[in-house]
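>>> Generate coordinates for the sequence data below:
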Amino acid sequence: MVRFAAALIAAVLVCQAPVVQAADLAAEPVQKAKRCNIFNNYFIWGDPTDCPNDEDVPACTSKTVVSAALRFSNRASPAYRVPRVKTFTAIGELPQSVYNPSPLVRRYCEGSVQLDNGDHARAYYFVEEDSGFVGISWNVYVCIDGYDRWRVYDGRCRVAIPAPPR
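Below you'll find the model as predicted:
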């Protein structure tokens, strides 16, 4: 049964192959851009951050990331809640020089927040691939500097910023 299925698949593939003539061939082989697949997401099969066509993790300043960061910081439980964030302004991406490549694709970002009590504070956030619902898509985690009294992101938001070079 397996041989029959393999022969059937081979016959279908042969029928679908286009006819190529010598005039169709280029003088030099054309190098196509590297396209990553699901195996590139794991560091044992290569560098997960070296996927130029893989845009699974959006930029720090994209509207979807900024709105997700605002929602994340305002949905904290009442025991942890700092004053609510009124405005969230993205500044940009922080360079990650240590532990690069990492088995996790992350973008470390920096922003500025205005709280509803009038204070301005620095916010550090990171966008992580494959950490959304059931490991699909991306997710944002935010730490507001000086307002992490339960030390969820360690003192002074050290978990939400890249490691300093040694």
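>>> where does the chain dip in pLDDT?
By pLDDT under 70, the weakly predicted segments of the chain are 1-2, 4-56, 79, 99-103.
>>> let's see it at 90
1-58, 73, 75-83, 95-107, 128-139, 146-156, 162-166 (pLDDT under 90).
>>> Where do the strands of it begin and end?
Using DSSP state E, the strands of the chain run over 85-93, 106-115, 120-129, 138-144.
>>> Looking at these, spot the one closest to residue 72.
strand 138-144 (4.9 Å; Cβ to Cβ). Backbone N, C-alpha and C define where each C-beta goes, glycine included.
>>> tell me what the closest one is packed against?
Here strand 138-144 touches helix 63-74, strand 120-129, going by 3 or more Cβ pairs under 8 Å, 6 or more residues apart in numbering; DSSP states H and E.
>>> Ranking these by mean neighbour count, which comes first?
Neighbour counts (mean count of other Cβ atoms under 10 Å) averaged over each of these peak at strand 120-129, with a mean of 20.
>>> could you dump the helices and strands packed on strand 138-144 to TSV with distance to residue 156?
Shown next, in TSV, are those (distance: least, Cβ to Cβ, whole Å):
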stretch	distance to residue 156
helix 63-74	17
strand 120-129	9
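>>> Of all these, which one is nearest residue 165?
strand 120-129 (17.4 Å).
>>> got the contact list for that closest one?
41, 56-58, 60, 65, 69, 72-73, 88, 94, 104-115, 138-147, 153, 157, 160-161 (Cβ atoms under 8 Å, 6 or more residues apart in numbering).
>>> strands paired with it, and their directions?
Strand 120-129 has the following strand partners under DSSP bridges: strand 106-115 (antiparallel), strand 138-144 (antiparallel).
>>> Reformat the ones you listed as CSV; add distance to residue 80 and mean neighbour count.
Converted to CSV, those look like this (distance: least, Cβ to Cβ, whole Å; neighbours: other Cβ atoms under 10 Å):
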stretch, distance to residue 80, mean neighbour count
strand 106-115, 14, 19
strand 138-144, 11, 21
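>>> residues contacting residue 148?
Counted by Cβ under 8 Å, 6+ apart, residue 148 has contacts 154-157.
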